[in-house]
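> Dropping the sequence and predicted coords here.
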Amino acid sequence: MSKLWGGRFTKETNKLVEEYTASISYDQKLAFEDIEGSIAHVTMLGECGIIPKEDADTIQKGLQTIAEKIQAGQVEFLVEHEDIHMNIEKMLIDEIGPVGGKLHTGRSRNDQVATDMHLYVRKVTNEMIELITKVQEALVEQAKHNVDTIMPGYTHLQRAQPILFAHHLLAYFWMLERDKERFSDSIKRTNWLPLGAGALAGTTFPIDRERTSELLAFSTVYPNSLDAVSDRDFVLEFLANASILMTHISRLSEEMIIWSSQEFQFIELDDSFCTGSSIMPQKKNPDVPELLRGKTGRVYGNLIGLLTVLKGLPLAYNKDMQEDKEGIFDTVNTLDGALKLLAPMIATMTVKQENMYNAVSNDYSNATDIADYLVTKGLPFREAHAIIGQIVLYGIQQQKYLLQLSIDEYKTFSPLFEEDIYAVLEPKHVVEARNSIGGTGHQQVLKQLELAEEKLEKM
Ligand code: ARG
């Protein structure tokens with residue numbers, strides 16, 4: 001089988017080499033981006049009179065026919081043609097004859113593949129933004145049902161201060177909001193067009209890069225042809241944004257796993273989102289959040305993989321760069337699955353409000369509030385802290401929580417204590433009192449919900 005580049009060769013390519021260097025098994029995913037880029041390129045070639053207009057039209061129609069055939073599953077991609085670019089070019093020539101060979105005028109696979117990747121990354125970035133929004137909507141919905149649900153807040157996974165469950169859920173809303181912002185910020189860099197850079201140095205043909213850029217809805221062209229074909233920072237950026245997003249998803253998953261354990265019993269995941277054990281009949285396992293947590297590893301791996309591929313490469317194109325594809329395809333696939341599962345899993349989980357409330361009623365997480373109480377009576381915070389430390393120790397020894405100590409017991413620690421201390425210590429009051437901006441107080445959380453809904457409306 002003769003190669004499109006076979007002219008200077010005297011031997012057939014070794015079969016193993018052919019298989020080893022081919023990317024068609026995975027880069028066929030870029031078929032439509034490749035055709036879109038080619039149509040823009042050939043339109044520009046025709047408009048600039050670099051090839052006759054009729055030829056440009058014939059090529060464009062041929063490409064459209066090929067797109068339809070691919071859509072209908074009527075084409076076979078061949079390893080002999082190495083990658084998506086040459087498979088399509090070969091199909092084009094088979095479809096419309098030798099005139100198809102004019103498509104590659106003033107272009108190289110190097111600027112072609114970079115363009116395909118830009119188009120692909122732009123498309124999937126927008127898809128990810130939409131999917132993240134669905135998770136945010138589920139978080140807001142669940143938060144709305146839990147604006148009165150008090151739960152323990154933790155630091156070091158030790159009970160710290162009571163908070164509203166809505167507040168906890170909304171913390172993830174804002175993380176996802178920044179993730180979304182990172183993805184949408186990155187689009188302005190993905191919107192640079194590499195096409196027209198040629199193999200590395202530009203082209204001798206009087207091409208109009210601005211026109212190609214306009215046809216493909218890019219915002220600008222790469223000003224340097226070497227840079228255009230050499231970098232994959234826009235892919236790295238996607239992978240980095242994906243990694244940060246997965247960190248957030250993984251932490252939320254971890255919490256869902258802990259919360260649904262017998263030890264916590266704060267939530268129950270819907271049966272339809274859990275799986276059972278082949279040996280232990282009682283088991284209901286949170287496999288989905290476990291896998292979300294686990295799959296975070298491959299997303300990080302794909303980022304590190306591409307960073308490593310690129311780090312020592314001399315300019316300009318090197319075959320190593322073909323390794324930019326499988327990682328991002330895998331990452332997109334992983335995020336797609338994760339986000340599509342996370343939204344309904346959050347929406348359908350049962351929140352065990354009573355258990356959460358019982359937890360904060362049986363701990364010392366209101367201790368900060370007695371310290372604050374003494375501060376309002378004039379004591380410096382540091383001294384108040386020390387006194388409350390002694391009270392907590394006393395409580396632990398007596399096996400009593402802070403609400404169970406008598407006023408006489410309190411007075412032995414400080415004469416400043418009065419009957420009004422008990423109201424301060426009620427979990428509901430403890431939460432309510434945190435009315436600083438961004439705090440867990442009811443009013444603040446309602447404001448946060450409003451802000452969150454505004455963000456969603458702006459989408
Ligand atoms: N399949 C190649 C890739 O994905 C396309 C570019 C090939 N360029 C070349 N000079 N061999 O990177």
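Perfect, thanks for sending it.
> need the residues of the stretch 51-200 of the chain near the ligand, please.
Contact residues, the stretch 51-200 of the chain versus the ligand (CB under 6 Å from any ligand atom): 83, 85, 109-110, 113. Where you see a C-beta, it was placed from the backbone N, CA and C, and this is true even at glycine.
> Dump those residues into JSON lines; add secondary structure, pLDDT and neighbour count as well.
Putting these into JSON lines (DSSP: H, G, I helix; E, B strand; the rest coil; pLDDT from 0 to 100; neighbours: other CB atoms under 10 Å) gives the following:
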{"residue": "Asp83", "secondary structure": "coil", "pLDDT": "98", "neighbour count": "25"}
{"residue": "His85", "secondary structure": "helix", "pLDDT": "98", "neighbour count": "25"}
{"residue": "Arg109", "secondary structure": "helix", "pLDDT": "98", "neighbour count": "20"}
{"residue": "Asn110", "secondary structure": "helix", "pLDDT": "98", "neighbour count": "21"}
{"residue": "Val113", "secondary structure": "helix", "pLDDT": "98", "neighbour count": "26"}
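> ok, which stretches of the stretch 151-300 of the chain are strands?
Remark: strands assigned in the stretch 151-300 of the chain by DSSP state E, counting those that start in this stretch are 158-164, 192-193, 220-221, 267-268.
> residue boundaries of the helices in the stretch 51-200 of the chain?
Secondary structure of the stretch 51-200 of the chain (DSSP state H, counting those that start in this stretch): helices located at 53-71, 84-96, 109-144, 165-190.
> and Val431, how many neighbours does it have?
Each residue near Val431 was counted by other CB atoms under 10 Å, and the total is 26.
> Apologies, that question was intended for Val375.
The tally of other residues near Val375 (other CB under 10 Å) stands at 16.
> Ile50 falls within a helix, correct?
No. Ile50: not assigned to a helix; according to DSSP: H, G, I helix; E, B strand; the rest coil it is coil.
> Surely it touches Pro206?
Yes. Taking CB atoms under 8 Å as the definition, Ile50 is a contact partner of Pro206 at 6.7 Å.
> So if I had to pick from these two, which one is more boxed in?
Neighbour totals were compared for Ile50 and Pro206, and Ile50 leads with 19 against 9 (other CB under 10 Å).
> dump the residue contacts of Gly378.
Neighbour list for Gly378: Leu416 [criterion: CB atoms under 8 Å, 6 or more residues apart in numbering].
> and what of Leu170?
With contact taken as CB under 8 Å, 6+ apart, Leu170 is in contact with 139-140, 143, 445, 448-449, 452.
> Looking from the ligand, tell me which residue of the stretch 201-350 of the chain is nearest.
Gln322 (3.6 Å; CB to the nearest ligand atom).
> Help me confirm that that residue comes into contact with Ile24.
No. When contacts are counted by CB under 8 Å, Gln322 is not listed as touching Ile24 (10.9 Å).
> Out of the residues of the stretch 51-200 of the chain next to the ligand, the closest to Ile346 would be?
Val113 (38.6 Å; CB to CB).
> And stretch 418-431, what's buried?
421, 424-425, 427, 430-431 (16 or more other CB atoms under 10 Å).
> likewise stretch 230-244?
Under the neighbour-count criterion of 16+ other CB under 10 Å, stretch 230-244 has 230-232, 234-244 buried.
> Save those as JSON lines, and put in distance to Leu403 too.
Output for those, formatted as JSON lines (distance: CB to CB, whole Å):
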{"residue": "Ser230", "distance to Leu403": "67"}
{"residue": "Asp231", "distance to Leu403": "62"}
{"residue": "Arg232", "distance to Leu403": "60"}
{"residue": "Phe234", "distance to Leu403": "57"}
{"residue": "Val235", "distance to Leu403": "57"}
{"residue": "Leu236", "distance to Leu403": "54"}
{"residue": "Glu237", "distance to Leu403": "52"}
{"residue": "Phe238", "distance to Leu403": "52"}
{"residue": "Leu239", "distance to Leu403": "51"}
{"residue": "Ala240", "distance to Leu403": "48"}
{"residue": "Asn241", "distance to Leu403": "46"}
{"residue": "Ala242", "distance to Leu403": "47"}
{"residue": "Ser243", "distance to Leu403": "45"}
{"residue": "Ile244", "distance to Leu403": "42"}
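> As a check, name the ranges of all strands in the stretch 301-450 of the chain.
Counting by DSSP E, counting those that start in this stretch, the stretch 301-450 of the chain has these strands, from start to end: 350-351.
> what residues does it put near the ligand?
Residues of the stretch 301-450 of the chain lying near the ligand (CB under 6 Å from any ligand atom): 317, 319, 321-322.
> Would you write a PyMOL line that selects the buried entries of the residues you listed?
Of these, the buried ones go into a single PyMOL selection, burial set by 16+ other CB under 10 Å:
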select buried, resi 317+321+322
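> these two touch, right, Ile163 and Ile150?
Yes. Here Ile163 reaches Ile150: they are 7.4 Å apart, a contact under CB under 8 Å.
> joint contacts of the two?
In contact with both Ile163 and Ile150: Val431, using CB under 8 Å, 6+ apart.
> ok, back up a step: overlap of the contact sets of Gln322 and Ile24?
Each of Asp83 lies in contact with both Gln322 and Ile24 under the rule CB under 8 Å, 6+ apart.
> So what's the residue count around the residue nearest to Asp270 when sequence neighbours are not counted?
By the measure of CB to CB, 6 or more residues apart in numbering, the closest residue to Asp270 outside its immediate chain neighbours is Thr348, 3.9 Å from it. Each residue near Thr348 was counted by other CB under 10 Å, and the total is 15.
> how about low-confidence regions in this protein?
Along the chain, the parts satisfying pLDDT under 70 run over 1.
> Outline the domain layout of it.
If you go by automatic domain parsing, the domain ranges for the chain are 16-105, 110-353, 359-450.
> measure Ala166 to His81 for me?
Look at Ala166 and His81: by CB to CB, to the nearest Å, they are 56 Å apart.
> who has more neighbours, those two?
When neighbours are counted by other CB under 10 Å, Ala166 and His81 differ, and Ala166 comes out ahead with 26 against 20.
> mind listing what the more buried one touches?
Ala166 makes contact with 143-144, 146-147, 149, 445, 449, according to CB under 8 Å, 6+ apart.
> which of the residues you listed sit farthest apart?
Spatial extent of the contacts of Ala166 (CB to CB) is set by the pair Thr149 and Leu449 at 13.3 Å.
> Would you mind telling me which of the two has more residues around it?
Higher neighbour count among Thr149 and Leu449: Thr149, with 22 against 19, using other CB under 10 Å.
> Verify the stated contact: the more buried one with Lys352.
No. Thr149 is beyond contact range of Lys352, at 9.4 Å (criterion: CB under 8 Å).
> and Leu63, how many residues sit next to it?
24.
> can you pull the contacts of it?
Here Leu63 is in contact with 35, 38-39, 42, 88, 92, 103 (criterion: CB under 8 Å, 6+ apart).
> what do you get for Ala240?
By CB under 8 Å, 6+ apart, the neighbours of Ala240 are Leu303.
> likewise Leu236?
Listed by CB under 8 Å, 6+ apart, the contact partners of Leu236 are 303, 306-307, 310.
> Could you identify the buried members of those residues?
Buried among the contacts of Leu236 by 16+ other CB under 10 Å: 303, 306, 310.
> coming back round to it: what two of the contacts of Leu63 are the furthest from one another?
So for the contacts of Leu63, where distance means CB to CB, the most widely separated pair is Val42 and Ile88, at 12.2 Å.
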